[in-house]
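Colleague: This is a predicted model, with the sequence first.
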Amino acid sequence: METVLLIPLLKGNLKIDGELNEPVYKSATPITQFYTVFPEGSEPFPGKVFLFHDGRNLYVSFRFTEPYGIRANVLERDRVWGNLDNLISIRIGTGSSGYMFSLNPLGTPSDCRIINYDNPICTWDYNWEYSIHRAEKEWWGEIRIPLEGLSLSDTVQIKIVRQSTLPDEMGSYQITCTYPTDRSHLVDLRYAHRALFEGGLKTSERIPISILPSITLIHAHPAVEMIYPQIKGSEFFYNAGVDLNVKLNNASISATIFPDFSQVEADVGQLNLQKASIIVLPEKRPFFYEGFELFKTPMEVLYTRAFVTIRGAAKYSIEGNVKSQGFAIYEDSLGMFYGFAMGYTRRGRNLTGILIHHERERKTLMDGFYRRILPGGLRASIEGTLLSDGEYGFAARLNRYVSGEGLSFSMDVNSISQGFQFPTVPLPFGSGILEGGFWANYKKVLGGSVFTSYRIEGAYRRRNLSYGNMGFLNEMKFGEISVQVLPPVFLGYNFSIFTEASGRYDFHFHGPRFRLGSTFDRAIFVEYGRGEMYGFPAWRLESYVSYTFGRWKVGLGREEVRSDNPDFSKGNTHVSIRYRAQRGLYLTLFYQKNENVEFFPQEEGQAIVGYEWGGRSRIFLVFRPFKQNDRWNFQTFFKITYQFDM
């Protein structure tokens, strides 16, 4: 019979100061039995976790011992998972959806939504409270997670993950432990512990409504008419907007009028090495973090960066085994868009239907997506898209991924009809094609920190093989540095095949590639390769150096392609400095220089100073100079927001 974890009702007050000195801890029973996921056979380090609730909040308190010292380097929000930092992660949910809250010893947070059991969306931001302390070989803290903003019931699935580091004769590697036991699914809520809130959750009689007005003062010189057409010459301008959020049990409704995204960090320049491809930028704007998960399919039918100047928008989301989301957005240059999606999830099967209508072109997109988790860690998906004018597209994928020793592979194929065109669908390699790719990799540990991978990969387009690659990848660790060589200098071979008719990959690697990198953020990464670009000999170099000290992080990156034809030579250099206090103040400084890089300024800088207090108010000061067509421009933003709860 399955045991149920009882989350006790908190008796008394619990101040989130990270000290764990309240009387409630003297009588509470902590969780101390963790299970090692990787590497198998390692004993977990000493530690304990306390869980409480007061009907409206979940409290998580912990104290972990790290015999080999504290490791904490990541300062960027939502980046702590997937590094070698020590961390604690709490996963909680109901059915196929849930939430994941993580912290490292610096107090850097990560909050993600989990959809379809095991798919985390970490662009979602939530208002939760925490306080972390650390010593040389120990760290501890307290966390408060408000439950009213989450779609949960009195019975939930809960999982706690702890990450530490272990040294060996050649370097360091992570040790991951979970409660309850789980050897392969760190995120999947189907392998979590069923838990019950003692006394149940308190339901509020009022409807939670949050109103978030904001005002932004802008100074630009000279006119930045692409972003603010109202500005003529050097002058001040203001933008006033408001966000509205309503929570109804398992449903939420949000609306925004004149949203302003001035505090969003600038995009790093991308070197486009393909003749037919376009630049696809990641979404960084808070409005699109939550409520659009069903629209995120392999064909990416809703590329939200297509919406630049938004005058007004609304969205809704209904949670459950049958999930529904929808939106309405008015964009200055594109006009009005409506979207609706419905998804059904059960026992590893996921079926999603999407409908998007563009009012100005009187065109409608219909999309169907099906994914299934198969035995042996296999995942299969198929997607079809049809436009109201008869154009179509489809995509299929089969993959398997293992983090340790074993076989991983991926195969995909997709096709877009010749006349396919819709404003929210990016077409990286054009239309009227049949293309795909494949790779397979078998990883074997040779001992200590040395392992080798046997890999084959390729891509195809129509009936022509674009390229083929087969060989070994050896990796060794020296201290905190890892070295990868392809082809290896010790054993194996590497060959490549290219066809003139491929037309897809316009930069080909012919010679060996060399990578020098680290397994966490405080180190160096370098990759170098030689080949040809559009028929001319060329070489490519990518490098990045970062260092973290205290709550500061400094990074320097350089990507460069040099060809015998100077028209094809490109380069990007970027520098960043970040600071994040445990709570309240944060600072970001950024500068980049682009050489022959399309769609990006020649030079660009950005300084963001922000302060948050009480979880309700935020204030930003942003200065953004940039050089375009050999002329310097600048923008200055001052923004303040305050959240009212009704």
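Modeller: On my side now, so go ahead.
Colleague: Report how many residues lie close to the residue nearest to Leu585 when sequence neighbours are not counted.
Modeller: Closest residue in space to Leu585, ignoring its immediate chain neighbours: Tyr611 at 5.3 Å, by Cβ to Cβ, 6 or more residues apart in numbering. Using the backbone N, CA and C atoms, a C-beta is placed for each residue, glycine as well. If you count neighbours by other Cβ atoms under 10 Å, Tyr611 ends up with 16.
Colleague: Check Met336 too.
Modeller: Residues lying near Met336 (other Cβ under 10 Å) number 14.
Colleague: Tell me if I'm right that Glu293 and Arg113 touch.
Modeller: Yes - Glu293 lies in contact with Arg113 (Cβ atoms under 8 Å); the separation is 6.8 Å.
Colleague: shared neighbours of those two, anything?
Modeller: Ile121 (Cβ atoms under 8 Å, 6 or more residues apart in numbering).
Colleague: how near is the residue nearest to Leu585 to Thr641?
Modeller: In this view, Tyr611 and Thr641 are 11 Å apart by Cβ to Cβ, to the nearest Å.
Colleague: list residues touching both of the two?
Modeller: Joint contacts of Tyr611 and Thr641 (Cβ under 8 Å, 6+ apart) are Arg618, Ile619.
Colleague: ok, the residue nearest to Ala72 when sequence neighbours are not counted to Ser89 distance?
Modeller: Nearest residue to Ala72 in three dimensions, chain neighbours excluded: Pro105, at 4.0 Å (Cβ to Cβ, 6+ apart). Distance, Pro105 to Ser89, by Cβ to Cβ: 13 Å.
Colleague: Going along the chain from the helix or strand harbouring Ala395, find the next helix or strand for me.
Modeller: Using DSSP states H and E, Ala395 sits within strand 392-400. Using DSSP H and E, the helix or strand that follows strand 392-400 in sequence is strand 406-416.
Colleague: so what secondary structure elements neighbour that next one?
Modeller: Contacts defined by 3 or more Cβ pairs under 8 Å, 6 or more residues apart in numbering; DSSP states H and E place strand 406-416 against strand 392-400, strand 433-447.
Colleague: most tightly surrounded among these?
Modeller: Most buried of the helices and strands packed on strand 406-416, by mean neighbour count (mean count of other Cβ atoms under 10 Å): strand 392-400, with a mean of 17.
Colleague: What strands line up against it, and which way round?
Modeller: Strand 392-400 has its sheet partners listed here by DSSP bridges as strand 378-387 (antiparallel), strand 406-416 (antiparallel).
Colleague: and that strand with strand 433-447, angle?
Modeller: Comparing the axes of strand 392-400 and strand 433-447 via axes from the mean of the first three to the mean of the last three Cα atoms, to 10 degrees yields an angle of 10 degrees.
Colleague: Check what contacts strand 392-400 and list those residues.
Modeller: 298-299, 376-386, 407-417, 420.
Colleague: Please pick the buried ones from those.
Modeller: Buried by 16 or more other Cβ atoms under 10 Å: 299, 379, 381-383, 385-386, 408-410, 412-417, 420, out of these.
Colleague: re the thing from before, quickly find the element holding the residue nearest to Leu585.
Modeller: Of the helices and strands defined by DSSP H and E, Tyr611 is found in strand 603-613.
Colleague: for Thr216, same thing?
Modeller: Using DSSP H and E, Thr216 sits in strand 209-221.
Colleague: quick one: average pLDDT of that strand?
Modeller: Strand 209-221 carries an average pLDDT of 80.
Colleague: Also stretch 578-594?
Modeller: 84.
Colleague: Likewise for stretch 105-118?
Modeller: Taken as a whole, stretch 105-118 carries a mean pLDDT of 78.
Colleague: Residue numbering should commence at 26 henceforth.
Modeller: All set: I'll call the first residue 26, so the last point we hit is now stretch 130-143.
Colleague: how far out from the middle of the chain is that stretch?
Modeller: Distance, stretch centre to chain centre, for stretch 130-143: 10 Å (Cα atoms, centre = their mean, to the nearest Å).
Colleague: State the distance from the closest residue to Val438 other than its chain neighbours to Asn439.
Modeller: Take Val438 and drop its neighbours on the chain: the residue closest to it by Cβ to Cβ, 6+ apart is Gly461, 3.5 Å away. Per Cβ to Cβ, Gly461 is found 6 Å from Asn439.
Colleague: just Glu460 next, same as before
Modeller: 6 Å.
Colleague: Just give me the neighbour total for the closest residue to Phe320 other than its chain neighbours.
Modeller: Distance criterion Cβ to Cβ, 6+ apart; nearest residue to Phe320, sequence neighbours excluded, is Leu327 at 3.9 Å. Neighbours of Leu327 under the rule other Cβ under 10 Å: 24.
Colleague: Which residues are in contact with Leu327?
Modeller: With contacts defined as Cβ under 8 Å, 6+ apart, Leu327 is in contact with Phe317, Phe320, Lys321, Gly364, Ile379, Ile381, Thr449.
Colleague: and the two most separated of the residues you listed?
Modeller: Lys321 and Ile381 (13.1 Å; Cβ to Cβ).
Colleague: which of the two has more neighbours?
Modeller: More neighbours surround Ile381 than the other of Lys321 and Ile381, with 24 against 17 (other Cβ under 10 Å).
Colleague: ok so, going back, out of the helices and strands packed on strand 431-441, nearest to Glu161?
Modeller: Set against Glu161 and scored by Cβ to Cβ, those come closest in strand 458-472, at 30.8 Å.
Colleague: Give me the sheet partners of the closest one and which way each runs.
Modeller: strand 431-441 (antiparallel), strand 475-486 (antiparallel).
Colleague: Domains in the chain, by residue range?
Modeller: With domains defined by automatic domain parsing, the chain comprises 30-222, 457-530.
Colleague: before we move on, the earlier item: surely the residue nearest to Leu610 and Leu646 touch.
Modeller: No - using Cβ under 8 Å, Tyr636 makes no contact with Leu646, being 9.2 Å away.
Colleague: Quick one: closest of the strands paired with strand 417-425 to Gly351.
Modeller: The nearest among the strands paired with strand 417-425, by Cβ to Cβ, is strand 403-412 at 18.1 Å.
Colleague: How about the contacts made by the residue nearest to the spatial centre of the chain?
Modeller: Compute the mean C-alpha point of the chain, and by Cα atoms, centre = their mean the closest residue is Cys147, 4.8 Å away. Shown in contact with Cys147 (Cβ under 8 Å, 6+ apart): Asp103, Trp106, Met125, Ser135, Asp136, Cys137.
Colleague: Can you give me the neighbour number for Gly556?
Modeller: Residues near Gly556, counting by other Cβ under 10 Å, number 18.
Colleague: swap in Thr54?
Modeller: Neighbours of Thr54 under the rule other Cβ under 10 Å: 10.
Colleague: Confirm that it sits in a strand.
Modeller: No - in this structure, Thr54 is coil, not part of a strand, as judged by DSSP: H, G, I helix; E, B strand; the rest coil.
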